[in-house]
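Asks: Give me a model of this one.
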Amino acid sequence: MAANSNPTVRRRRLGAELRRLRLASGLKSTEVAERLMVSQPKISHLENGRRTISSRDVRDLCALYGVTDPHVIDSLMQMAKESGQQGWWQAYGDIPQSIYTALETDATSLHAYEPMAIHPLLQTPAYAYAVIEETIPLLTTEEADTRLHVRLRRQHRIYDPTRPLHLRVVLDESVMHRVVASPDVMREQLEHLNALGAEPHITVQVLPYTAGAHPSMSGQFSILRFADSTEASVAYLERFTSDLYLEKPSDVQHYSLLHDRLQAQALSPDNSRDFITDVAKTYIDAVSHASP
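Replies: Below you'll find the predicted structure:
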């Protein structure tokens, strides 16, 4: 995916503000495109944050919308300048899930449900590499290494002392029992999981088998929220070939309620920690029995 397809929060905010100004002017996007002699899809891409907005674009749109306040124009021009800056992930080339990585980098909180694997932000390097290597067909060693580096770089957000990502993750019990790589890797991963779960900004809960049927048996989802109250939250559904980004308030609210329900059905954070410790002991026993 091209670099200019990454809808960073700054670019999305600027696009939303330009859309607000267009609506206030009474112009339709088709009329704007006609007057500026550009395509209508360009205007849509600018407003939804999927295209870099140049200073010239901002100047022309402000003139068309009748914006004369120099402070407003200067603010929009500065946003345009910031929105064009490259994110750290772009140094790795055309990586998958670059849109999600851009959003995650700017998010202040993340609520997630993971039915099949430990959440990527909570994975150890050994566990992460095994998941990458074993779940993506025809991946070269170089590609696997790049994906691992990106995944570990993403984890910087939960270690950032100035703006740590507030993370609330519900893990299905099956995640604990699925042996990725080896029992020793699993032991290390579960101990790491408990250590992170003790951090004040990270909550880990286990959804046990005994919870029975639940409203998210269809799969993984995440909800990203941002510091700016005007910035729409995003529900993210990871799929093998085409991920989904849902921004309609009703869709985000639906997944927020799902996550609330899952948290209510899951073990408490303290009981989850005890549960994870007990499962980790089974891997310790498996390793000791396998030793000569």
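
Asks: Any idea what Tyr245 is bridged to?
Replies: Tyr236 (DSSP bridges).

Asks: pretty sure it contacts Val234?
Replies: Yes: counting by C-beta atoms under 8 Å, Val234 is a contact partner of Tyr245 at 5.7 Å. The C-beta positions use only the backbone N, C-alpha and C, and glycine is treated the same way.

Asks: Those two: which has the busier surroundings?
Replies: Set Tyr245 next to Val234 and count neighbours by other C-beta atoms under 10 Å: Val234 wins out with 24 against 14.

Asks: Now the phi/psi pair for that one, please.
Replies: When read as degrees, to the nearest 10, the backbone of Val234 gives phi -130, psi 130.

Asks: from what I can see it touches Pro249, true?
Replies: No: using C-beta under 8 Å, Val234 is not in contact with Pro249; the gap is 11.1 Å.

Asks: ok so, going back, show me whatever sits in contact with both of Tyr245 and Val234.
Replies: Leu103 (C-beta atoms under 8 Å, 6 or more residues apart in numbering).

Asks: Neighbours of Pro41, how many?
Replies: 12.

Asks: what separates it from Ala33, distance-wise?
Replies: Separation of Pro41 from Ala33 (C-beta to C-beta, to the nearest Å): 8 Å.

Asks: show me where pLDDT drops low in this protein?
Replies: Scanning the chain for pLDDT under 70 picks out the ranges 1-9, 228-231, 241, 291-292.

Asks: Name all residues that make contact with the residue positioned nearest the centre of it.
Replies: In the chain, the residue lying closest to the centroid (C-alpha atoms, centre = their mean) is Glu104, at 3.9 Å. For Glu104, the contact set (C-beta under 8 Å, 6+ apart) comprises Leu110, Arg154, Arg157, Leu165, Leu224.

Asks: Distance-wise, check it relative to Gly219.
Replies: Taking C-beta to C-beta, one finds Glu104 at 19 Å from Gly219.

Asks: now do Ser29
Replies: For Ser29, the distance to Gly219 - C-beta to C-beta - is 34 Å.
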